[in-house]
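Enquirer: Kindly generate the corresponding structure for this input.
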Amino acid sequence: MRNLKWSVIVAFGLSLAAQTAGAMTPAENRYARYAATPLPACASGEVLSEVSGWFASREAIYWGTGLSINGFDKVRETGLRPWGANYVPRRFCSARAHMSDGRLRHVNYFVRESIGLFGNTWEVIWCVTGLDRHKTYAPNCEQATAW
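Expert: Numbers count the residues shown, from 1 in each chain. This is a model prediction of the structure:
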């Protein structure tokens, strides 16, 4: 009888814990609050300028190639908060980049609320297919997309 009582108590506790774990709290309502301000659109000039600027800087300083992005087309959104409200707000995007060497390359990028110490804005994380030399977003920049 005593073991049955403890079994019931443990089962009730596990049931309660499972229900609590399933409750989602939007990221902007947690302790480290996010503003939930609208993230800029994929085709926003600020976002595309951020991608091309950081790309050119990395290529010139780190790789020494001088390669840059001259423009973008076929810009599209591939996901908005795909994992739900429980995660940092993100907008996933894809575009085709016109490179300074005349080639066309695919770019995956996402805009997220800044998660830095003074994060009150947004930031862009990007990957140019074929130029992810350290395989940070391998394979072929797929880790920079909303799967």
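Enquirer: so where do the strands sit in the protein?
Expert: Applying DSSP state E to the chain gives strands spanning 69-80, 90-99, 104-113, 122-128.
Enquirer: Dump those strands into TSV; add mean pLDDT, distance to G53 and mean neighbour count as well.
Expert: No exception for glycine: its C-beta is placed from N, CA and C like everyone else's. Formatted as TSV, the strands of the chain follow (pLDDT from 0 to 100; distance: least, CB to CB, whole Å; neighbours: other CB atoms under 10 Å):
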stretch	mean pLDDT	distance to G53	mean neighbour count
strand 69-80	94	9	14
strand 90-99	94	13	21
strand 104-113	92	12	21
strand 122-128	91	10	20
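Enquirer: Now these in a markdown table, please, with extra columns for distance to E50.
Expert: Below are the strands of the chain laid out as a markdown table (distance: least, CB to CB, whole Å):
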| stretch | distance to E50 |
| --- | --- |
| strand 69-80 | 11 |
| strand 90-99 | 12 |
| strand 104-113 | 9 |
| strand 122-128 | 5 |
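Enquirer: right, and these - which one's nearest L48?
Expert: Closest of the strands of the chain to L48 is strand 69-80, at 5.4 Å (criterion: CB to CB).
Enquirer: The closest one packs against which elements?
Expert: Applying 3 or more CB pairs under 8 Å, 6 or more residues apart in numbering; DSSP states H and E, we find strand 69-80 packed against helix 45-58, strand 90-99, strand 104-113.
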